[in-house]
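K.L.:
Starting from these lines, generate the structure:
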Amino acid sequence: MNIGNEILLIKGEIADYYLDSDGILYSYSKNPRRTIKNISENIALVKQIIGNKIVPLLIYLCDSPVPDKETRKFSTEQLPNVYKAMAMVSKPGLSKLIMNILFKLKQPPIPMKSFTDEKLAREWLKQYL
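P.N.:
Have a look, this model is predicted:
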């Protein structure tokens, strides 16, 4: 994850954010356990950042505790309300593990793809601008 000195991140409890000039939202995950409460607060923060638009998300994942079933369900239901598509950048295997946990039996509600290279993730997201 390469964050230049000129970028001002908007700080949140579970992630920090940056909206680039193209309209891609960057999310730098933090590792607290996700709960319905902090996800709700995070969604409110994201909506503030993006002006209630629906945007593509490039998320840099980190290791964090697995949320409970209700939180996973809530999180999944909220995705299409804020994001068009999600590119996940992480070390090999982490995003696949997260996808398996969140979407065991059904497809994700938005297009999602895993990457280890942020440039490739950004290129993939451009189709959703």
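K.L.:
Quick check: buried residues in the helix or strand of the chain with the lowest mean pLDDT?
P.N.:
When the helices and strands of the chain are compared on mean pLDDT, DSSP states H and E, helix 94-102 comes out lowest with a mean of 72. By neighbour count on 16 or more other CB atoms under 10 Å, the buried set for helix 94-102 is Leu94, Ser95, Ile98, Leu102. The C-beta positions use only the backbone N, C-alpha and C, and glycine is treated the same way.
K.L.:
Among the residues you listed, which one lies nearest to Pro56?
P.N.:
Ser95 (15.8 Å; CB to CB).
K.L.:
so that closest one sits right up against Cys62, yeah?
P.N.:
No - applying CB atoms under 8 Å, one finds Ser95 not in contact with Cys62, separated by 11.1 Å.
K.L.:
Near Glu41, how many other residues are there?
P.N.:
For Glu41, the count of nearby residues is 14 (other CB atoms under 10 Å).
K.L.:
from the buried residues of helix 94-102, which is closest to Met88?
P.N.:
Ser95 (4.0 Å).
K.L.:
I'd like the distance between the closest one and Met112.
P.N.:
9 Å (CB to CB, to the nearest Å).
K.L.:
Pull up the overlap in contacts between those two.
P.N.:
With contacts defined as CB atoms under 8 Å, 6 or more residues apart in numbering, the residues adjacent to both Ser95 and Met112 are Met88.
K.L.:
Pretty sure Lys126 sits in a strand.
P.N.:
No - using DSSP: H, G, I helix; E, B strand; the rest coil, the secondary structure at Lys126 is helix, not a strand.
K.L.:
I'd say Leu58 and Leu125 touch.
P.N.:
Yes - between Leu58 and Leu125 there is a contact under CB under 8 Å: 5.9 Å.
K.L.:
Excluding sequence neighbours, find me the nearest residue to Leu125.
P.N.:
Nearest residue to Leu125, sequence neighbours excluded (CB to CB, 6 or more residues apart in numbering): Pro56, at 4.2 Å.
K.L.:
Could you confirm the one you found falls within a strand?
P.N.:
Yes - assessed by three-state DSSP, Pro56 belongs to a strand.
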